[in-house]
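In: Got a sequence here, can you model it:
(chains A, B, C, D, E and F)
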There are 6 protein chains.
Amino acid sequence: MATPPISRYPVPKLEDLPEDIRARILAVQEKAGFVPNVFVTLAHRPAEFRAFFAYHDALMERDSGLTKAEREMVVVATSGANDCHYCIVAHGAILRIHARNPFVADQVAANYRKADITPRQKAMLAFAIKVSLQSSELVDEDYAAVRAHGFSEEDIWDIGAIAAFFALSNRMANLIGMRPNDEFFVLGRVPRTK
Amino acid sequence: MATPPISRYPVPKLEDLPEDIRARILAVQEKAGFVPNVFVTLAHRPAEFRAFFAYHDALMERDSGLTKAEREMVVVATSGANDCHYCIVAHGAILRIHARNPFVADQVAANYRKADITPRQKAMLAFAIKVSLQSSELVDEDYAAVRAHGFSEEDIWDIGAIAAFFALSNRMANLIGMRPNDEFFVLGRVPRTK
Amino acid sequence: MATPPISRYPVPKLEDLPEDIRARILAVQEKAGFVPNVFVTLAHRPAEFRAFFAYHDALMERDSGLTKAEREMVVVATSGANDCHYCIVAHGAILRIHARNPFVADQVAANYRKADITPRQKAMLAFAIKVSLQSSELVDEDYAAVRAHGFSEEDIWDIGAIAAFFALSNRMANLIGMRPNDEFFVLGRVPRTK
Amino acid sequence: MATPPISRYPVPKLEDLPEDIRARILAVQEKAGFVPNVFVTLAHRPAEFRAFFAYHDALMERDSGLTKAEREMVVVATSGANDCHYCIVAHGAILRIHARNPFVADQVAANYRKADITPRQKAMLAFAIKVSLQSSELVDEDYAAVRAHGFSEEDIWDIGAIAAFFALSNRMANLIGMRPNDEFFVLGRVPRTK
Amino acid sequence: MATPPISRYPVPKLEDLPEDIRARILAVQEKAGFVPNVFVTLAHRPAEFRAFFAYHDALMERDSGLTKAEREMVVVATSGANDCHYCIVAHGAILRIHARNPFVADQVAANYRKADITPRQKAMLAFAIKVSLQSSELVDEDYAAVRAHGFSEEDIWDIGAIAAFFALSNRMANLIGMRPNDEFFVLGRVPRTK
Amino acid sequence: MATPPISRYPVPKLEDLPEDIRARILAVQEKAGFVPNVFVTLAHRPAEFRAFFAYHDALMERDSGLTKAEREMVVVATSGANDCHYCIVAHGAILRIHARNPFVADQVAANYRKADITPRQKAMLAFAIKVSLQSSELVDEDYAAVRAHGFSEEDIWDIGAIAAFFALSNRMANLIGMRPNDEFFVLGRVPRTK
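Out: Residues are numbered from 1 along each chain as shown, chains lettered A, B, ... in the order given. Predicted structure coming up:
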């Protein structure tokens, strides 16, 4: 079979993109060694691209009571619950790298309850999954359950807001048929040599 | 009972907000006559506020094959499917105003299949609901079904992206317990006098 | 668009109806100022009409530990869970009037967990929703949970029986495509002037 | 184990009941040889009892394009979908008797798709199950599918209304923990006339 | 209607079967008085037949902290949850015989929560149903709940493994459209004469 | 964190196992270079072990119209639908090896609809998922849909029976908390060097 396209929509050429978007993409490429498809496929709509990555960075780059690995766990667990192939594979790779653990991403994508993570992290993911799948049923007990593991109010916002942002992201990836880069499948799978 | 708070989180005072956010809020207040709670509650996190409204405007203010009323139908139908009280009430009001129709918002929030809308609009909402609830199951037939009603590829992105953005918005509103302003409940209910 | 019909079935003329049914309808009209569509659409089958309203009155007019507003909360919450447009709109209006509260109906229809109601009323609605959606899973703990809020055994029958009756009513309204009267959309929305 | 009670609620003695209800119960006893528990358990609330059986009779005794066996199939299939033990057992017996078939009730209760019934009857039950479980999603195609098997508009009302009435009945049986009489388990299991 | 076939697949003649399978079938026939259809329909694939019944016997014939009736309760409850007509009817009969109780099979198939069984047996079935329907959500609390009723670790394996084996069995029966023998419908319905 | 155990149950030592089981395990070890945990964890119950692997081999080793890679696709897709971490990881590796494709396992585990597979393979997986999740709803149209892609009746049995067997396997893995070997996570990820 020929390799399928990376999006149902036209993918802009780098040279046709607005300067700020091109700069962002080149910076990513320099850091990662390749351009994740989420950048070039969403660049089809520059205004939405800018808002998407501004939102992403606001949540994923801010100072937080959650480690970067924990934030990626929220992404991978909720993307698994939403069956989003792009986000499971791409953020699975990022989680492996941040956690320096070659197994945790596949574990969390399949079933966080059986993953090699702490009880505190399982409570975090139970809250995240509830935000992702049944947010209207959130009640005081749910907040109390994560607070009991030492999460602050701002940490809870982080957990919920990351789950909410990737509810959007999963749906965009499924809408446009976003295809993960081949590179993501192997990144971070051999722990020591990184 | 005392009126409950409009958010589980601290609500910043207007004078404590960054200038750009305060300006945005004052502009809304001037236009609408009141400040919708989504503005002041999300302002608790300025960076996320900016991204949220940039994303909102990119989708809801752009030129589109969908009318403003149709875009609000997507919001109200998917918010109904997600049981998001804030979005049903606030965007229900906006839909009534844009559609100049006092009934359509309550109809679409309850069950778009029985609403007084066109078959084209029902096809649009069927696609939006699928993006909202089962995006991983989107297949070629779903795109063909909306194309058959004359929606362009860019229109389909609009439908899906609005559904995706309000998947985020519904979850944020539920996460922080956002309460709709009293004003929204009556806005647009008497059609002629607007 | 032309206004759609109020039923998929023929709607009898008042003068063609049996005397007792006509009398009931005229009495309602005198009290409410209009005839709710549920009366004329269900009159297509006189025997079922009589049983339907006899059942309705037996539950909604009897002496009960539940106020009339509380009984309407049960109707609106379960009708919301069943996506029944007619019942949400018509009984939403009745709830606003009985509760002298312009907001509570939209709140309860969307998500009773976040409504401005008492913990006792939330427990009542949790029980009602379980009867409506998962009655086979009712266990002793469910009865104990409402008893803990002071509901008597007869009150619990009332909660459950109203949920059961509107399980029927929602399905009939959806079956025949019953359309709510325009009047219901605005009734009780302005609290003081009643 | 001691035999559990037939209801969570007090069961009135025959002599304490209003005359019309006692007469109805005695008539049933004479015909069936025993008093089905639905009569004595619902008699706890006389006004609701009268409405319940008036509704039942209006649907199940009227002239209809559906045979009595077909109407009982609707009852058994939807009661199976709702996991209502009382209705499966009691109406299973009635179905066996009306259909003069010792197998069809257990088949329809488990899975009508594999039952020894006609394609027309399978279409009838598909419609009934949709009314029972997803009535808000009824669309024109559902009505067309049963019409294609020769059901009239009034027959469709019958199918839907029986499904709706037993939505109520199943919930009442589950609410009060109604226990089927021992007699029902064996009635009609040995086909006399075949 | 003509009696439908007992399988969508060819049913081998006894004389065409491998010796060991024929012997097994003849032994069953001698004991039961008839050959349950599961034997002749699965014999279409001898290697799978041998594995299937070896697995069945390993679980259902072994020494266990569960009585034979309790093991059949697990079969009937999970088969009811999976709407498997063959297994409900065939194992319902076996359960009636082992439990010397003509009612318990229909009770457990419809809703174990309301069946005439002990709290210990209800806990067993709650665990079995979770294995059958949501095994990925099993957590320590589920194991603790059955241990609290005195089930050993090996008993818990039995409960779960029987539920797992009949997850296979239900799917095979549905896949090939396996039809229960007429004999099963009446077996064990008259308690004393066994 | 210490590495969690590979089973909730005792794991027998190789030297304590019956000769035939030890031989089977040693043969696997020689071929694969390690012993997959499914062998040692299920060996806790020798009789069930023998039946399990006899069933597995009967389905996965037989001559079939499905390639070995296609049979593993059925395993991975249904294990993904059941959130079974062990089977996704272990059979994902086997699928990568048989398909000589480093991507297809993660694709099929997340969402077969978007995987790089043929339309025929997608039809096969749609049927397998239906057997896995809704086998009672299988109707003639489902069989016709796979036949239209050239699958024979025996192929359809293979698809359905593999889905049924892994319904058992997934539940056993979840029941005992079976942990995949570290080796599986990387096997087959670099396509050429195998």
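In: Near chain E, which residues of chain A? Just list them.
Out: Residues of chain A that fall close to chain E, judged by Cβ under 8 Å from any Cβ of the partner chain: A:110, A:111, A:113. In this view, the C-beta of every residue, glycine as well, is placed from N, C-alpha and C.
In: Can you tell me which of the residues you listed comes closest to chain C?
Out: residue A:113 (22.2 Å; Cβ to the nearest Cβ).
In: For the nearest residue to the closest one once chain neighbours are set aside, the count of nearby residues, please.
Out: Closest residue to residue A:113 apart from its sequence neighbours, by Cβ to Cβ, 6 or more residues apart in numbering or on different chains: residue E:139 at 5.9 Å. The number of residues packed around residue E:139, counting by other Cβ atoms under 10 Å in any protein chain shown, is 12.
In: Read off the pLDDT value for residue E:139.
Out: Looking at residue E:139, its pLDDT stands at 97.
In: what's the distance between it and chain F?
Out: Here the distance between residue E:139 and chain F works out to 10 Å (Cβ to the nearest Cβ, to the nearest Å).
In: ok, now residue A:134?
Out: Residue A:134 sits 17 Å away from chain F, taking Cβ to the nearest Cβ as the criterion.
In: helix/strand/coil for the nearest residue to residue A:135 once chain neighbours are set aside?
Out: Among residues not flanking residue A:135 along the chain, residue B:174 sits closest, at 3.8 Å (Cβ to Cβ, 6+ apart). Here residue B:174 is helix, with the state taken from DSSP: H, G, I helix; E, B strand; the rest coil.
In: what does residue A:169 give?
Out: Applying three-state DSSP: residue A:169 is helix.
In: So it sits against residue A:88, correct?
Out: No: if you go by Cβ atoms under 8 Å, residue A:169 and residue A:88 don't touch, sitting 11.5 Å apart.
In: Among these two, which residue is more densely surrounded?
Out: residue A:88 (31 against 28).
In: Identify the residues contacting that one.
Out: A:76, A:79, A:80, A:109, F:106, F:110 (Cβ atoms under 8 Å, 6 or more residues apart in numbering or on different chains).
In: How much space separates it from residue A:37?
Out: 14 Å (Cβ to Cβ, to the nearest Å).
In: could you list every residue that touches the residue in chain A positioned nearest to chain D?
Out: Chain D sits closest to residue A:136 of chain A, with a gap of 17.0 Å, by Cβ to the nearest Cβ. Residue A:136 makes contacts with B:82, B:83, B:84, B:170, B:174, C:110, C:111, C:113, as judged by Cβ under 8 Å, 6+ apart.
In: ok, and the closest non-adjacent residue to it?
Out: residue B:83 (3.6 Å).
In: Tell me how many other residues surround that neighbour.
Out: 23.
In: How about the backbone phi and psi for it?
Out: Torsion angles at residue B:83 (phi, psi; degrees, to the nearest 10) stand at phi 50, psi 40.
In: likewise residue A:177?
Out: The phi/psi pair for residue A:177 (degrees, to the nearest 10) is phi 60, psi 50.
In: Hmm, residue F:113 and it touching each other?
Out: No: Residue A:177 is not in contact with residue F:113 according to Cβ under 8 Å; the separation is 9.6 Å.
In: Briefly note if the lowest-mean-pLDDT helix or strand in chain A comes near chain F.
Out: Least confident helix or strand of chain A, by mean pLDDT, DSSP states H and E, is helix A:182-186 with a mean of 95. Yes: residues of helix A:182-186 contacting chain F under Cβ under 8 Å from any Cβ: A:182, A:185, A:186.
In: pLDDT value on the closest residue to the last one other than its chain neighbours, please?
Out: Looking back up the chat, that one is residue A:186. Leaving aside its chain neighbours, residue A:186 sits nearest to residue F:189 (5.2 Å; criterion: Cβ to Cβ, 6+ apart). On pLDDT, residue F:189 comes in at 92.
In: To what extent is residue F:189 buried, counted in neighbours?
Out: Around residue F:189 there are 19 residues (other Cβ under 10 Å).
In: and what of residue A:28?
Out: Going by other Cβ under 10 Å, the residues that sit close to residue A:28 add up to 16.
In: Please list all residues in contact with it.
Out: With the criterion set at Cβ under 8 Å, 6+ apart, residue A:28 makes contact with A:35, A:36, A:39.
In: residue contacts, the closest residue to residue A:126 other than its chain neighbours?
Out: Spatial nearest neighbour of residue A:126, chain neighbours left out: residue A:145 (7.2 Å); criterion: Cβ to Cβ, 6+ apart. Residue A:145 makes contact with A:123, A:126, A:127 under the criterion Cβ under 8 Å, 6+ apart.
In: between those, which is nearest chain F?
Out: residue A:126 (14.4 Å).
In: so which strand or helix has the closest one?
Out: According to DSSP states H and E, residue A:126 maps onto helix A:119-134.
In: can you pull the buried residues of whichever helix or strand comes after that helix?
Out: Next helix or strand after helix A:119-134 toward the C-terminus (DSSP H and E): helix A:140-147. Across helix A:140-147, burial judged by 16 or more other Cβ atoms under 10 Å in any protein chain shown covers A:142, A:143, A:146.
In: Output helix A:140-147 as CSV, nothing but the C-alphas.
Out: Output of helix A:140-147 as CSV, limited to C-alpha atoms (Å, rounded to 0.1, in the frame of the first residue of the first chain):
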residue,chain,number,x,y,z
ASP,A,140,-17.3,17.6,45.2
GLU,A,141,-16.1,14.0,46.0
ASP,A,142,-14.1,14.0,42.8
TYR,A,143,-12.2,17.1,43.8
ALA,A,144,-11.7,15.8,47.3
ALA,A,145,-10.2,12.5,45.9
VAL,A,146,-7.4,14.3,44.2
ARG,A,147,-6.9,16.8,47.0
